[in-house]
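Trainee: Any chance you can model this:
(chains A and B, ligands or ions: 2)
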Number of protein chains: 2
Amino acid sequence: MDIKIVKNSNPKVKPDQNNLGFGNYFTDHMFIMDYTKGIGWHDPRVAPYGPLELDPSAMVFHYAQETFEGLKAYKAVDGSIQLFRVRDNLKRLNISNDRVCIPQIDEKMMFEAIKTLIEVDKDWIPSAPGTSLYVRPFVIATDPYLGVRPAGTYKFMVILSPVGAYYKEGLNPTKIYVEDKYVRAVPGGIGFAKTGGNYAASLKAQVEANEKGYSQVLWLDGKERKYIEEVGTSNAFFKIEGKVYTAPLEGSILSGITRDSAIRLMKDWGYEVIEQRMTIQELKDLYEEGKLEEAFATGTAAVISPIGTLGWNGEDMVINESRIGALSQKLYDAITSIQYGKDEDKFDWVTKI
Amino acid sequence: MDIKIVKNSNPKVKPDQNNLGFGNYFTDHMFIMDYTKGIGWHDPRVAPYGPLELDPSAMVFHYAQETFEGLKAYKAVDGSIQLFRVRDNLKRLNISNDRVCIPQIDEKMMFEAIKTLIEVDKDWIPSAPGTSLYVRPFVIATDPYLGVRPAGTYKFMVILSPVGAYYKEGLNPTKIYVEDKYVRAVPGGIGFAKTGGNYAASLKAQVEANEKGYSQVLWLDGKERKYIEEVGTSNAFFKIEGKVYTAPLEGSILSGITRDSAIRLMKDWGYEVIEQRMTIQELKDLYEEGKLEEAFATGTAAVISPIGTLGWNGEDMVINESRIGALSQKLYDAITSIQYGKDEDKFDWVTKI
Ligand SMILES: Cc1ncc(COP(=O)(O)O)c(C=O)c1O
Ligand SMILES: Cc1ncc(COP(=O)(O)O)c(C=O)c1O
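Mentor: Ligands and ions are numbered 1, 2, ... in the order given. Prediction:
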């Protein structure tokens, strides 16, 4: 693939590495590639970061034919740049694309795009502890047309955002609200895809949970409204009498890459990990019996996020005295050590660029 | 409301009124109004139709925080311009906005926006039989930010598209596929809102139905996958032994304005209209017994679309010998006669501008 590079002649001043937050700052360049029906993907290029010009009738504005991914590049302890499980993210982007009728994109081509863009903007990768460069590949439908049908033109883009340490002072357990009014997804729908509609659908529950003093929601299944699914933009795990439970992949939740990393590490450490449906009532009963030892969520942004409180039916379950559990901490340390190149990459998760 | 108007100094050549199709052409102007958290909606303006400039991180591209409406303006037989049920569309836009956490927009303000824009572009309203000016109000979230939360900035816009007669030679019955693999929506979700995610979710089923020779899908409910919901971008009705059945509004289907117009007209004509859940098996049984007399879909684009064939479980039900039924034709004639000002507007559906 021949990627044309046009350098930004007006580079920005880089933000303070200690106050990056998440998704606030963008680097000096972006990657763009166009799709035209009958031609395929064409014109891969790195261009100065700047506004997109789109017709107001562009289909993405009306019918949300759009997909995205999120992964991170790390400045490793040896000074090299490492991507974590990039191939899995690119494979998942094509799974999402398929669900909403966006044409497949060659995964090697996407990898080249990300690699080239990061090389151009490598000075933007922060090095302060816990920081990284968030990589956001995404696809949007651009036909200037108001009928409902898959578009014939798309843009695949990659933008980069230096992001801060998610936890400033250790891993802080969160308060999660068990959502019983709104539904995020149902088998047969788009829940397993990273496509905008799932996120728009989640906003109202999140806002109402925030108003009640919780930071996120735990979704229940959309059919019977009792099986535990996932938490906001992360997957949920529960340690019960030494065994670890998480929801199976049945089409309504995202197949999280951190979920998979956590499962593989725990199995490697000898834990029994059970991917099985569990109702919120079962969890509550186990909690009452003192058998719920730890709860945590997994996702690219925070890696591991301990769940300190689960609010359901007007009552709060306080888990492990709202302190981080030993397994949550061990997983966080193990995954981040691989991400920053402090530990051996025995699962072949890292790609140096 | 003080709407600033900047005229387009480069008006386009208008398209042939006999080959407009749907949503292909746009007029010379558009309406835009911005929202900023803490300020509210501001800067209402009519500007030359042209591309939007948005940051690639704009939230609409990633999380589909977007809503829209669709209604039509007609050149009436007395030469005046008429909007059909515009206030109902604007009310529904705010219902959609609420579901995806977009701030409410004053309905009078939106009406002024539409009226002003149509006045500026009034020469674009086609007058050939069956043609109209499609009005597309929409809202998009524009924050340049990658976190998942409701945006703090939005654009409300209106664009106009002259559209053709949906049926060139009389009302053509369609072939509809009963979808049993994919799900569009479920109660607690976003199915009742006109927001992009529902449409992205529907594309794959539509494409697969097209490949099987059907033009659209009939959705079944997402929980039990047996109750009849709606058809593509329209609501479904079935005339059975003289009575008319349609799915109730329980959160998973759109509250169609044409659906409501049809119900009110039919009740006015003395029909019993029953909003009640019906399984596809029940419908099939009634069909086998020869009791299914007519089936049709209602929506702004086609008004009334007779359903000639329903494909389910590998078999086709051919309804009314795939000819348009008397009730479907009567509804089409009645609604379009009001829309074009040929008939008295006894329900107060029309707004002259
Ligand atoms: C809905 C949802 N679930 C789970 C996850 C966690 O997935 P991953 O570990 O791949 O980041 C994410 C975030 O990517 C998400 O958006
Ligand atoms: C999903 C869906 N159902 C039904 C309808 C019909 O609604 P209306 O009659 O208001 O056009 C539409 C189109 O607007 C739609 O998009």
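Trainee: Any regions of the stretch 101-250 of chain A where pLDDT drops low?
Mentor: Where the stretch 101-250 of chain A drops to pLDDT under 70, the residues are A:167-170.
Trainee: Any residues of it in contact with ligand 2? List them.
Mentor: Taking CB under 6 Å from any ligand atom as the criterion, ligand 2 has no neighbours within the stretch 101-250 of chain A. Heads up, the C-betas are built off the backbone N, CA and C, glycines and all.
Trainee: Mind splitting chain A into its structural domains?
Mentor: Taking automatic domain parsing as the reference, chain A has its domains at A:4-163, A:174-339.
Trainee: so can I have CSV of those showing distance to residue B:141 and mean neighbour count?
Mentor: Formatted as CSV, those follow (distance: least, CB to CB, whole Å; neighbours: other CB atoms under 10 Å in any protein chain shown):
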stretch, distance to residue B:141, mean neighbour count
domain A:4-163, 10, 19
domain A:174-339, 9, 20
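Trainee: and residue A:81, what is it in contact with?
Mentor: A:73, A:74, A:75, A:118, A:122, A:125, A:352, A:353 (CB atoms under 8 Å, 6 or more residues apart in numbering or on different chains).
Trainee: Give me the subset of the residues you listed lying in strands.
Mentor: With DSSP state E as the criterion, strands contain A:73, A:74, A:75, A:352 from among the contacts of residue A:81.
Trainee: Can you say which two of those residues are spatially most distant?
Mentor: A:75 and A:352 (11.6 Å; CB to CB).
Trainee: roughly how far apart are the residue in chain A that ligand 2 sits nearest to and residue A:10?
Mentor: Ranking the residues of chain A by distance to ligand 2 (CB to the nearest ligand atom) places residue A:148 first, at 7.6 Å. Distance, residue A:148 to residue A:10, by CB to CB, to the nearest Å: 40 Å.
Trainee: Same question for residue A:277, what's its three-state structure.
Mentor: coil (DSSP: H, G, I helix; E, B strand; the rest coil).
Trainee: next one: residue A:271
Mentor: coil.
Trainee: Also residue A:116?
Mentor: helix.
Trainee: So it sits against residue A:30, correct?
Mentor: No: counting by CB atoms under 8 Å, residue A:116 stays clear of residue A:30, with 11.4 Å between them.
Trainee: Now do the shared contacts for the two.
Mentor: With CB under 8 Å, 6+ apart as the test, residue A:116 and residue A:30 both reach residue A:46.
Trainee: sorry, back to before: among the ones in strands among the contacts of residue A:81, which one sits closest to chain B?
Mentor: residue A:73 (15.0 Å; CB to the nearest CB).
Trainee: In space, what's closest to that closest one - neighbours in sequence excluded?
Mentor: residue A:133 (4.3 Å; CB to CB, 6 or more residues apart in numbering or on different chains).
Trainee: Contact partners for that neighbour?
Mentor: A:27, A:72-74, A:118, A:121, A:124-126, A:160-163.
Trainee: Distance to residue B:83 for these - can I get that in a markdown table?
Mentor: As requested, the contacts of residue A:133 are arranged in a markdown table below (distance: CB to CB, whole Å):
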| residue | distance to residue B:83 |
| --- | --- |
| A:27 | 47 |
| A:72 | 50 |
| A:73 | 52 |
| A:74 | 56 |
| A:118 | 52 |
| A:121 | 50 |
| A:124 | 51 |
| A:125 | 54 |
| A:126 | 54 |
| A:160 | 46 |
| A:161 | 44 |
| A:162 | 49 |
| A:163 | 47 |
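Trainee: Tell me how far stretch A:105-125 lies from the chain's centre.
Mentor: 18 Å (CA atoms, centre = their mean, to the nearest Å).
Trainee: hmm, who's touching that stretch?
Mentor: Residues from elsewhere that reach stretch A:105-125 (CB under 8 Å, 6+ apart): A:1, A:3, A:5, A:7, A:14, A:27-31, A:33, A:41, A:44, A:46, A:73-75, A:81, A:83, A:86-87, A:90-91, A:93-94, A:97, A:132-133, A:135, A:137, A:139, A:156, A:158, A:160, A:162, A:351, A:353.
Trainee: rerun at 7 Å
Mentor: A:1, A:3, A:5, A:14, A:27-29, A:31, A:33, A:41, A:44, A:46, A:73, A:75, A:81, A:86-87, A:90-91, A:94, A:97, A:133, A:135, A:137, A:156, A:158, A:160, A:162, A:353 (CB atoms under 7 Å, 6 or more residues apart in numbering or on different chains).
Trainee: Phi, psi for the closest residue to chain B within the stretch 101-250 of chain A please.
Mentor: Closest residue of the stretch 101-250 of chain A to chain B, CB to the nearest CB: residue A:197 (2.1 Å). The phi and psi values for residue A:197, taken as degrees, to the nearest 10, are phi -50, psi -40.
Trainee: what about the helices in the stretch 101-250 of chain A?
Mentor: Secondary structure of the stretch 101-250 of chain A (DSSP state H, counting those that start in this stretch): helices located at A:107-120, A:196-211.
Trainee: what about the one helix or strand residue A:293 maps to and chain B, touching?
Mentor: Here residue A:293 is covered by strand A:292-299, with elements defined by DSSP states H and E. No: between strand A:292-299 and chain B, judged by CB under 7 Å from any CB of the partner chain, nothing touches; the nearest distance is 10.8 Å.
Trainee: Also stretch A:58-69?
Mentor: Yes: looking at stretch A:58-69 against chain B by CB under 7 Å from any CB, the contacts come from A:60, A:61, A:62, A:63, A:64, A:65, A:66, A:68.
Trainee: Who are the contact partners of whichever residue of the stretch 101-250 of chain A sits closest to ligand 1?
Mentor: Closest residue of the stretch 101-250 of chain A to ligand 1, CB to the nearest ligand atom: residue A:233 (3.5 Å). By CB under 7 Å, 6+ apart, the contact set of residue A:233 is A:299, A:301, B:148.
Trainee: just residue A:194 next, same as before
Mentor: A:67, A:68, A:69, A:92, A:96, A:254.
Trainee: Give me the phi and psi for the fifth one.
Mentor: The main-chain torsion angles of residue A:96 are listed as degrees, to the nearest 10 and equal phi -60, psi -40.
Trainee: mind listing what it touches?
Mentor: Residue A:96 sits next to A:67, A:193, A:194, A:195 when contact means CB under 7 Å, 6+ apart.
Trainee: got it, and the third one?
Mentor: When the contact criterion is CB under 7 Å, 6+ apart, the partners of residue A:69 are A:89, A:92, A:93, A:137, A:194.
Trainee: Show the overlap between the residues you listed and what lies near ligand 1.
Mentor: Restricting the contacts of residue A:69 to those near ligand 1 - CB under 6 Å from any ligand atom - leaves none.
Trainee: and those, which of them are in strands?
Mentor: Using DSSP E, these in strands are residue A:137.
Trainee: for the contacts of residue A:69, which one is nearest residue A:245?
Mentor: residue A:92 (23.0 Å).
Trainee: And that closest one, what's its pLDDT?
Mentor: Listed pLDDT for residue A:92 reads 98.
Trainee: How about the one 4 residues further on?
Mentor: With respect to pLDDT, residue A:96 scores 98.
Trainee: From residue A:69, how far off is it?
Mentor: Applying CB to CB to residue A:96 and residue A:69 gives a distance of 8 Å.
Trainee: Equivalent analysis for residue A:178, please.
Mentor: From residue A:178 to residue A:69 the distance is 28 Å (CB to CB).
Trainee: swap in residue A:44?
Mentor: From residue A:44 over to residue A:69 (counting by CB to CB), the distance is 17 Å.
Trainee: Over to residue A:104?
Mentor: Residue A:104 is 14 Å from residue A:69, by CB to CB.
Trainee: contacting residues around residue A:32?
Mentor: Taking CB under 7 Å, 6+ apart as the contact definition, residue A:32 lies against A:45, A:47, A:155, A:157.
Trainee: and the residue of the stretch 101-250 of chain A closest to ligand 1, how far is that from residue A:254?
Mentor: Noted for residue A:233: a distance of 8 Å to residue A:254, by CB to CB.
Trainee: Kindly report the same for residue A:202.
Mentor: From residue A:202 to residue A:254 the distance is 12 Å (CB to CB).
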